[in-house]
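**Q** Structure for this input, please:
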Amino acid sequence: VYGARTYRHKLLGEEADVSYGFDDQKTINKVTVNAKPTTVDKWRSELTDTLGAKEVEGQTDSWTYDDNQIKIDDQGTHVVITIEKKA
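**A** Reported below is the predicted structural model:
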């Protein structure tokens with residue numbers, strides 16, 4: 001990641017910090033969302049049911065969507081959702 005910017009957004013009805021990572025072409029190639037732990041099930045549902053992301057077989061909380069890899073890391077005090085373009 002060559003640069004990053006963080007903003008506060010309202011996602012799935014809750015405030016979350018969203019960081020956007022940029023590559024050397026100044027194109028967003030990574031998005032990281034720090035959300036409340038109470039939203040983890042909403043995120044899982046939205047990724048699968050609404051977005052249509054495909055769960056990665058044999059992995060927990062990992063999806064693919066087009067050319068993106070999506071992971072959820074439930075850290076107890078917050079949830080980190082990472083969306084990153086595949087290399």
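**Q** Test my guess that residue 42 contacts residue 33.
**A** No: look at residue 42 against residue 33 with Cβ atoms under 8 Å: they stay out of range, at 11.7 Å. For every residue, glycine as well, the C-beta is placed using N, CA and C.
**Q** Where does the prediction get shaky in this protein?
**A** Where the chain drops to pLDDT under 70, the residues are 1-2.
**Q** got the residue ranges for the helices in it?
**A** Per DSSP state H, the chain carries helices over the ranges 40-45.
**Q** Okay, strands next: where are they in it?
**A** Assigned by DSSP state E, the strands in the chain fall at 3-11, 14-22, 28-35, 54-55, 62-65, 68-74, 79-85.
**Q** one step back: looking at residue 42 and residue 33, which one has more neighbours?
**A** Neighbours were counted for residue 42 and for residue 33 using other Cβ atoms under 10 Å; residue 33 has more, 20 against 16.
**Q** my guess is the more buried one contacts residue 18, does it?
**A** Yes: when contacts are counted by Cβ under 8 Å, residue 33 is listed as touching residue 18 (5.2 Å).
**Q** between these two, what contacts are shared?
**A** Residues touching both residue 33 and residue 18 (Cβ atoms under 8 Å, 6 or more residues apart in numbering): residue 11.
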